[in-house]
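After the sequence you'll find the predicted model.
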Amino acid sequence: MTASKPDIRKGQYSGPLSRDTFTLRFMRRFYDPAFKAEKEALARLEAIAWDAYQDGRKAPITEKAGAGYADPDYDLSVEWKDAHDRLEQAANVQRDPGTRSRVLIVIGSARNDGTCPGEVSKSWRLAGLMQAEVESAGLQADMLDLSRLTSEYQYQIHACKGCVSSAMPLCHWPCSCYPNHSLGQDNDAMNDIYEQWVAAHGVILVAPTYWYQSPSPLKLMIDRLVCADGGNPDPTTTSGKDVEKAKQLELAGWPYPKHLAGRAYGVVVHGDVAGIEVQRRALCDWLDWMGLIDAGAMARLDRYIGYYEPYATSHADLDHDQAVQEEVRNVARAMVNCLPRLRSGELAPADEGLRSPRPK
């Protein structure tokens, strides 16, 4: 039963850290003995960070929202506003019928040869096959390799904080939860990733199966894309993160805008023992829900590579499996065939124009 007025539940948060705990955690970042020479400087920096933490300075640099926002005088984070403006520009270019079609290929594996595994992933190799097909057809292929989360300094996707579960308008497009400078939650990669999704006309996900599920880098990105499905493009309507205002907005009737709808998608899921169909269905269901359009039956692929064979020979197994390589190329070819029809309006979803009795 829907509540008639906002009902905000409290009691889970245990409260702010003590100064001693804060100091221990801050200094852990400087564990290397080489930092001991700057002990006094680090103490001064810790004091500044503690002050920011106590004051909750999530967005220390702001500017007035200005024209086009519900509250032009609201102080918006300059970082959020920059990301918002970049997405608007990317969307305008993407909608221009004269632009070259772009396909975003997302590599969901956590493995690469720049970190502990010491070897490239099969997902990266499969993505290369699709990139070659897309580019040979004259389309632009943009690569998003999420294994960078495991191998690059301070390249991160922070966890979704679940704002949407309090109220959909509290979940801003793009996400305004990060950076949060008072908590040291910065260097978040998602604003660049949002821009890549917005600029694309088609998206292909390629990923291995980890314990019946998507790898954690891929799942982190998926969770943070929740704001693309119903997210609020104007944080001034909720005065930032005012839960009560957000609940009032949703209860008054929220349109749940689908910011990435209408793009085409393809999926390649591979594994070695079990779980590939579960992950492929979950990814396709998620993309369907967001309003993306599948590029055809051959664009939805799940295959075992080296079924029950040693992990040590998995790349050789891929070398020998010419059929799976061709199937992966077909995913890209299906996308190439789909995009001209999609962009011209010839290809449209069968449920276009229908209204859901359960919008969410």
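Received the coordinates, thanks. Numbers count the residues shown, from 1 in each chain.

Tell me which residues touch residue 356, please.
With contacts defined as Cβ atoms under 8 Å, 6 or more residues apart in numbering, residue 356 has no neighbours. C-beta here means a position set from N, CA and C on the backbone, and glycine is covered the same way.

For residue 112, see how far away residue 227 is.
Distance of residue 227 to residue 112, computed by Cβ to Cβ, to the nearest Å: 28 Å.

Also residue 197?
Taking Cβ to Cβ as the measure, residue 197 falls 22 Å from residue 112.

again, but for residue 174
Residue 174 is 26 Å from residue 112, by Cβ to Cβ.

List of residues touching the longest helix seen in the chain?
Taking DSSP state H as the criterion, the chain has its longest helix at helix 322-344. Contacts to helix 322-344, defined as Cβ under 8 Å, 6+ apart, come from residues 97, 101, 103, 126, 129-131, 133-134, 137, 139, 201-202, 204, 206, 262, 264, 266-268, 270, 293, 295-296, 298-301, 303, 305, 318, 347.

Could you write me a ChimeraX select line covering just the buried ones among these?
A single ChimeraX command is used to select the members of these judged buried by 16 or more other Cβ atoms under 10 Å:
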select :101,103,126,129,130,131,133,134,137,139,201,202,204,206,262,264,266,267,268,270,293,295,296,298,299,300,301,303,305,318,347
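
you'd agree residue 25 is up against residue 17?
Yes - between residue 25 and residue 17 a contact is recorded at 7.4 Å, counting by Cβ atoms under 8 Å.

my read: residue 94 touches residue 198, true?
Yes - using Cβ under 8 Å as the test, residue 94 is close enough to residue 198 to be in contact (6.3 Å).

residue contacts, the residue nearest to the spatial centre of the chain?
Most central in the chain under Cα atoms, centre = their mean is residue 221, positioned 3.0 Å from the mean C-alpha point. By Cβ under 8 Å, 6+ apart, the residues touching residue 221 are 106, 146, 157, 190, 193.

Narrow the residues you listed to those that are buried.
The neighbour-count test (16+ other Cβ under 10 Å) marks 106, 146, 157, 190, 193 as buried among the contacts of residue 221.

Save these as JSON lines, and put in distance to residue 283, secondary structure and pLDDT too.
Below are those laid out as JSON lines (distance: Cβ to Cβ, whole Å; DSSP: H, G, I helix; E, B strand; the rest coil; pLDDT from 0 to 100):
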{"residue": "106", "distance to residue 283": "10", "secondary structure": "strand", "pLDDT": "98"}
{"residue": "146", "distance to residue 283": "14", "secondary structure": "coil", "pLDDT": "98"}
{"residue": "157", "distance to residue 283": "17", "secondary structure": "coil", "pLDDT": "98"}
{"residue": "190", "distance to residue 283": "18", "secondary structure": "helix", "pLDDT": "98"}
{"residue": "193", "distance to residue 283": "16", "secondary structure": "helix", "pLDDT": "98"}
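
What is the nearest of those to residue 212?
Nearest to residue 212 among these, counting by Cβ to Cβ, is residue 146 at 18.8 Å.

So that closest one versus residue 206, what's the distance?
For residue 146, the distance to residue 206 equals 10 Å [Cβ to Cβ].

tell me, what's touching those two both at once?
In contact with both residue 146 and residue 206: 106-108, using Cβ under 8 Å, 6+ apart.

pLDDT wise, what is residue 2 at?
You'll see residue 2 listed with a pLDDT of 56.

ditto for the one 3 residues further on
The confidence metric pLDDT takes the value 81 at residue 5.

residues contacting it?
Counted by Cβ under 8 Å, 6+ apart, residue 5 has contacts residue 251.

quick one: which helix or strand includes it?
Assigned by DSSP states H and E, residue 5 belongs to no helix or strand.
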